[in-house]
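S.K.: Any chance you can model this:
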Amino acid sequence: MSNLVELINNCKKGNRQAQEQLYRDYSRILFGICLKYSRNKTEAEDNLHDSFMTIYSKIDQFKHQGSFEGWIKRITVNTVLQKYRKEETLTLVTDNIEDEVPEDSGYLNLDLATLLSYVQELPNKYRLTFNLYVLDGYSHKEISEMLGTSLGTSKSNLARARMILKEKIEANKARIIMEG
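M.R.: Numbering: from 1, shown residues only. This is a model prediction of the structure:
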């Protein structure tokens, strides 16, 4: 653990070698997060770069209380979300349709790569809400605060994301049956 403290302290001093080591140690983990929230690999790479730039610029704010990995993961999620907040309005859907799709929409029986590709195809507002709620375990209250939306919008966006994913999964199953 003392190696991590030393690495963080060297990063705080602006040491480029320490920053490179931090990147090597955490880029795979953070890239996975970026990939979840991005539309494709190229966008995920851009988000990873932006996240590390934010981490380097804010590393002085880390006070060695709590998990460093948790801290950089939260910065990564917030960096990506901030980009989408600037890009488009996330509050377009305001109707409440949360009960239209059952909790188990069948996406758990799908291989991870296929599910990830379906999730990446979702419109931003649905993809972000789905990832935050289903994959990262945030509550609708937390999501609405993070995305600057209402509680009802968060629930509605999740329901819509689930419906779209369910349709994609069913279409894929039908295609497999027709080809098989």
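S.K.: thinking Asp50 is in contact with Lys83, fair?
M.R.: Yes: the pair Asp50 / Lys83 is scored as a contact, 7.0 Å apart, by Cβ atoms under 8 Å. Yep, even glycine has a C-beta here, placed from its N, CA and C like the rest.
S.K.: so what's the backbone phi/psi at Ser67?
M.R.: Note on Ser67: its backbone torsions stand at phi -80, psi 130 [degrees, to the nearest 10].
S.K.: okay, the lowest-mean-pLDDT helix or strand in the chain in PDB with CA atoms only?
M.R.: Least confident helix or strand, the chain: helix 112-121 with a mean of 84, by mean pLDDT, DSSP states H and E. Output of helix 112-121 as PDB, limited to C-alpha atoms (Å, rounded to 0.1, in the frame of the first residue of the first chain):
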ATOM      1  CA  LEU A 112     -21.300  -9.900 -22.400                       C
ATOM      2  CA  ALA A 113     -19.800  -8.700 -25.700                       C
ATOM      3  CA  THR A 114     -23.200  -8.800 -27.500                       C
ATOM      4  CA  LEU A 115     -25.000  -7.100 -24.600                       C
ATOM      5  CA  LEU A 116     -22.300  -4.400 -24.400                       C
ATOM      6  CA  SER A 117     -22.700  -3.800 -28.200                       C
ATOM      7  CA  TYR A 118     -26.500  -3.400 -27.700                       C
ATOM      8  CA  VAL A 119     -26.000  -1.100 -24.700                       C
ATOM      9  CA  GLN A 120     -23.500   1.000 -26.700                       C
ATOM     10  CA  GLU A 121     -26.100   1.500 -29.400                       C
END
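S.K.: If you count contacts, what does it end up packed against?
M.R.: Secondary-structure packing of helix 112-121 (3 or more Cβ pairs under 8 Å, 6 or more residues apart in numbering; DSSP states H and E): helix 16-37, helix 124-130, helix 151-179.
S.K.: Other residues contacting that helix?
M.R.: 35-36, 38-40, 107, 110, 127, 130-131, 165, 168-169, 172 (Cβ atoms under 8 Å, 6 or more residues apart in numbering).
S.K.: Mind picking the lowest-pLDDT entry from the residues you listed?
M.R.: Ranked by pLDDT, the contacts of helix 112-121 bottom out at Tyr107, which has 41.
S.K.: How is the chain divided into domains?
M.R.: Domain assignment of the chain by automatic domain parsing yields the ranges 2-87, 107-179.
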